[in-house]
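**Student:** Quick one, structure for this:
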Amino acid sequence: MKRVFIEPVPKGRWGPIDGYALEFQDGTRVTDDLYQSAERLAVSEIKLRGYTPLAGRQGRITDKADTEHWEAS
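**Tutor:** A predicted model of the protein is given here:
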């Protein structure tokens, strides 16, 4: 099953989080929508589309290549 990453927007440490984007490994977005809740709305959307959701566990700076930054939701 293809993995989808739940990324905070904006990326990095610039200001408050506006929402969460759903992205594939290469950075392309699954949808252009921003989700206000990473835990509920984003995970539900990913599962409905048949993908595996991965949420960052290291805060706002995430590296998709580093598996320790991510955990399955």
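**Student:** Return the distance of the residue of the chain most remote from its centre relative to residue 70.
**Tutor:** Within the chain, residue 15 marks the point farthest from the mean C-alpha position, 17.8 Å out by C-alpha atoms, centre = their mean. Distance, residue 15 to residue 70, by C-beta to C-beta, to the nearest Å: 23 Å. Heads up, the C-betas are built off the backbone N, CA and C, glycines and all.
**Student:** next one: residue 9
**Tutor:** 17 Å.
**Student:** more neighbours, those two?
**Tutor:** Remark: of residue 9 and residue 70, residue 70 carries more neighbours, 19 against 12, as counted by other C-beta atoms under 10 Å.
**Student:** Am I right that the more buried one is in contact with residue 52?
**Tutor:** No. Using C-beta atoms under 8 Å, residue 70 makes no contact with residue 52, being 10.3 Å away.
**Student:** Residues touching stretch 44-63, excluding its own?
**Tutor:** 1-8, 11-13, 17, 22, 30-31, 33, 35, 38-39, 42-43, 68-73 (C-beta atoms under 8 Å, 6 or more residues apart in numbering).
**Student:** In strands only, show me the residues you listed.
**Tutor:** Counting by DSSP state E, the contacts of stretch 44-63 place 3-8, 22, 70-72 in strands.
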